[in-house]
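Enquirer: please work out how this folds:
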Amino acid sequence: MSNNNSTNTTSIVSKVWSFCNPLRDVGVGYGDYLEQLTYLLFLKMADEYGKPPHNRELNIPKAYNWESLTELKGAALEIHYVTLLRELSTQKGILGQIFTKSQNKIQDPAMLAKIIDMIDSEQWLVMGADVKGDIYEKLLEQNAQDVKSGAGQYFTPRPLIRAMVECIQPQPMKTIADPACGTGGFFLAAYDYLVANNKLDKDQNKFIKLQTFYGNEIVAGTRRLALMNLFLHNIGDIDSDNFISPADALIAASPITYDYVLANPPFGKKSSQTFTNDEGEQERDDLTYNRQDFWATTSNKQLNFVQHIRSMLKTTGLAAVVVPDNVLFEGGAGETVRKKLLETTDLHTILRLPTGIFYAQGVKANVIFFDNKPANKDPWTKEIWVYDYRTNIHHTLKKNPLKLDDLKDFIVCYNPANRHKRNETWSEVVERSRNTNPEGRWRKFTYDDIIARDKTSLDITWLKDKSLADLDNLPDPEDLAADIIENLEAGLESFREIMVKLNAPLL
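Expert: I've put the predicted structure just below:
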């Protein structure tokens with residue numbers, strides 16, 4: 001993006017976000033505001049598409065189009081807006097999906113009129129997909145930073161997503177899926193990579209726009225943001241089929257298989273459902289998925305997503321998936337899943353992530369990279385390369401956020417051009433001779449090494465934690481405080497699981 005576009009983007013983001021504080025004063029949160037912006041931006045761009053030079057026929061009832069909003073003020077505007085949201089939610093295609101379960105959260109007609117005027121003052125289609133898409137992405141990121149909204153759980157750090165995409169290197173005319181797509185971050189990074197690294201012809205551009213991306217998102221509000229985010233980046237069309245399903249991806253096997261799966265399934269160990277018992281009381285029960293294609297039946301949704309993602313891949317398909325630590329070491333179903341994954345796929349790389357990079361607190365995560373393979377009598381995994389970007393690494397969301405440059409060394413070690421030609425950066429001889437902590441973050445383990453470990457654990461560390469060995473070289477107080485918070489959050493999550501098992505009410 002040029003400096004001029006960047007300045008323009010920042011200016012518009014600032015302008016759009018300037019309404020947040022007065023809205024919060026009257027009880028409208030960041031998420032609610034962003035949701036209303038989604039409705040209004042969509043209608044404004046549909047209005048622009050219907051005029052020269054586009055002159056497209058759009059299936060938006062005239063009584064509920066953009067101009068119907070700009071002509072009203074006061075109580076009449078509020079009443080009409082409520083009716084408009086209700087009526088458009090009944091429409092087919094992306095239009096109906098954008099407005100599914102929509103409600104007016106801006107009760108002040110004067111403030112609503114100001115937001116409409118602000119959006120009406122810009123010509124959104126002439127900006128280009130990169131500019132208007134970046135504007136919306138920045139709004140999503142600001143919304144994710146609002147701890148109270150809980151939106152952070154749907155927002156994977158963009159530098160991490162870009163690093164995963166650079167390692168996978170998706171190619172044109174191939175399909176990309178995400179069974180828990182949140183606001184669509186993986187799709188956008190893959191789209192940017194495809195456009196930047198290929199001279200695309202007409203057919204390839206059409207395929208990217210309409211046939212490349214497929215996702216699931218069960219939360220209606222988040223799915224709405226994803227559809228809008230993709231639409232602003234020129235993925236999909238107002239009258240095209242909806243490519244993000246509202247269905248729970250884990251319920252059944254995918255009807256089609258894909259070339260790539262890029263995903264960060266929702267954090268949290270258990271899947272659960274709420275039901276009413278015979279006494280009329282609300283209870284929660286662990287939710288299991290009885291899938292014949294799964295290796296293990298479990299209520300651990302992370303393990304279920306790993307199994308599901310493997311089943312979504314073509315026999316030549318590639319996957320990069322963010323998983324919490326428990327997927328790497330948990331016994332029982334966890335051990336079964338890991339062994340089967342090593343046997344049926346080439347699980348070749350693990351990136352160990354530091355704490356402090358996610359908006360959800362207490363997250364210890366990793367990225368696993370595996371290539372699907374056809375049936376074979378011998379295990380496909382021959383060796384696993386582990387990059388430890390956790391030990392002695394400290395990130396915070398505000399003062400030291402994760403940047404793509406932080407993961408450049410990992411990408412170089414991964415060697416996307418030919419991942420079969422790699423070199424370790426860790427040496428046992430060097431570590432012994434220095435008796436210190438060398439920056440040997442990249443190490444190889446054979447299949448036999450892994451199988452010999454207790455429970456086939458992939459929770460592998462070898463570097464020494466400097467903060468434990470050197471009391472004179474403690475991390476900054478802010479880093480220590482963040483670590484304490486994360487450990488407390490992890491402990492609280494464990495206690496919540498115990499409470500659920502005991503059928504005790506959650507506070």
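Enquirer: hey, let's count contacts and neighbours off CA atoms from now on
Expert: OK.
Enquirer: hey, where'd the strands end up in this protein?
Expert: With DSSP state E as the criterion, the chain has strands at 176-178, 213-216, 244-245, 258-263, 272-276, 282-286, 313-324, 345-352, 365-372, 383-388, 442-446.
Enquirer: which among those strands is found nearest to Lys44?
Expert: Proximity to Lys44 (C-alpha to C-alpha) singles out strand 244-245 among these, at 22.2 Å.
Enquirer: which stretch in the strands of the chain has the least confidence?
Expert: Mean pLDDT across the strands of the chain is lowest at strand 272-276; the value there is a mean of 40.
Enquirer: state the pLDDT value of Val131.
Expert: 69.
Enquirer: one more: Tyr49?
Expert: So, for Tyr49, pLDDT stands at 84.
Enquirer: and if you look at Asn3?
Expert: For Asn3, pLDDT reads 53.
Enquirer: as a markdown table, the strands of the chain with mean neighbour count and distance to Ile485 would be great.
Expert: Shown next, in a markdown table, are the strands of the chain (neighbours: other C-alpha atoms under 10 Å; distance: least, C-alpha to C-alpha, whole Å):
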| stretch | mean neighbour count | distance to Ile485 |
| --- | --- | --- |
| strand 176-178 | 27 | 30 |
| strand 213-216 | 23 | 32 |
| strand 244-245 | 20 | 35 |
| strand 258-263 | 26 | 26 |
| strand 272-276 | 12 | 25 |
| strand 282-286 | 15 | 27 |
| strand 313-324 | 22 | 17 |
| strand 345-352 | 23 | 20 |
| strand 365-372 | 23 | 16 |
| strand 383-388 | 23 | 22 |
| strand 442-446 | 18 | 29 |
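Enquirer: between those strands, which one is closest to Ile116.
Expert: Taking C-alpha to C-alpha, strand 244-245 is the member of the strands of the chain nearest to Ile116, at 27.6 Å.
Enquirer: quick one: residues in contact with that closest one.
Expert: Strand 244-245 is contacted by residues 214-218, 223, 227 when judged by C-alpha atoms under 8 Å, 6 or more residues apart in numbering.
Enquirer: which two among those are spaced furthest apart?
Expert: Tyr214 and Ile218 (13.6 Å).
Enquirer: what about Val26, neighbour count?
Expert: Val26 has 11 neighbours, counted by other C-alpha atoms under 10 Å.
Enquirer: any idea how far it is from Glu35?
Expert: 16 Å (C-alpha to C-alpha, to the nearest Å).
Enquirer: cool, Asn418 as well?
Expert: In terms of C-alpha to C-alpha, Asn418 sits 43 Å off from Glu35.
Enquirer: ok, those two, which is more surrounded?
Expert: More crowded of Asn418 and Glu35, by other C-alpha under 10 Å: Glu35, with 23 against 8.
Enquirer: so what's Gly317 up against?
Expert: Gly317 is in contact with 258-261, 371-373, counting by C-alpha under 8 Å, 6+ apart.
Enquirer: quick check: Pro401 touching His395?
Expert: Yes - contact status for Pro401 versus His395: in contact at 5.7 Å, counting by C-alpha atoms under 8 Å.
Enquirer: neighbour-wise, which of these two wins?
Expert: When neighbours are counted by other C-alpha under 10 Å, Pro401 and His395 differ, and His395 comes out ahead with 19 against 15.
Enquirer: and the closest residue to Ile94 other than its chain neighbours, how many neighbours?
Expert: Excluding the flanking residues, the one nearest Ile94 by C-alpha to C-alpha, 6 or more residues apart in numbering is Asn242, at 5.4 Å. Neighbour count of Asn242, defined by other C-alpha under 10 Å: 21.
Enquirer: ok, now how distant is Asn242 from Phe213?
Expert: Relative to Phe213, and taking C-alpha to C-alpha, Asn242 is found at 10 Å.
Enquirer: what's the answer for Ile161, then?
Expert: For Ile161, the distance to Phe213 - C-alpha to C-alpha - is 16 Å.
Enquirer: likewise Ser68?
Expert: Counting by C-alpha to C-alpha - Ser68 and Phe213 are separated by 33 Å.
Enquirer: how about Lys314?
Expert: When distance is defined by C-alpha to C-alpha, Lys314 is 15 Å away from Phe213.
Enquirer: repeat for Leu200
Expert: 17 Å.
Enquirer: what does Leu160 give?
Expert: Distance from Leu160 to Phe213, by C-alpha to C-alpha: 19 Å.
Enquirer: what's the pLDDT at Asp483?
Expert: 64.
Enquirer: can you name the residues in contact with stretch 224-232?
Expert: Around stretch 224-232, the neighbours that count as contacts under C-alpha under 8 Å, 6+ apart are 35, 38, 42, 94, 97-100, 129, 132-133, 136-137, 181-184, 187-188, 236-238, 244.
Enquirer: could I get the average pLDDT for that stretch?
Expert: pLDDT averaged over stretch 224-232 gives 83.
Enquirer: OK, contacts around Leu77?
Expert: With contacts defined as C-alpha under 8 Å, 6+ apart, Leu77 is in contact with 69, 109, 113.
Enquirer: I figured Asn216 hits Pro179, correct?
Expert: Yes - here Asn216 reaches Pro179: they are 4.7 Å apart, a contact under C-alpha under 8 Å.
Enquirer: which neighbours do the two share?
Expert: With C-alpha under 8 Å, 6+ apart, Asn216 and Pro179 have common neighbours Ala249.
Enquirer: can you pull the contacts of the spatially most central residue of the chain?
Expert: Central residue of the chain (C-alpha atoms, centre = their mean): Thr156, 4.4 Å from the mean position. Residues counted as contacts of Thr156 (C-alpha under 8 Å, 6+ apart) are 185, 264, 358.
Enquirer: same thing with Pro172?
Expert: So Pro172 contacts 194, 198, 200, 204, 208 (C-alpha under 8 Å, 6+ apart).
Enquirer: pick out the most distant pair among those residues.
Expert: Counting by C-alpha to C-alpha, the most remote pair of those is Asn198 and Ile208, 11.9 Å apart.
Enquirer: ok, these two, which is more surrounded?
Expert: Neighbours of Asn198 and Ile208, each counted by other C-alpha under 10 Å, are more numerous for Ile208; the result is 23 against 11.
Enquirer: my guess is that one meets Met173, correct?
Expert: Yes - with contact taken as C-alpha under 8 Å, Ile208 and Met173 are classed as touching, separated by 7.2 Å.
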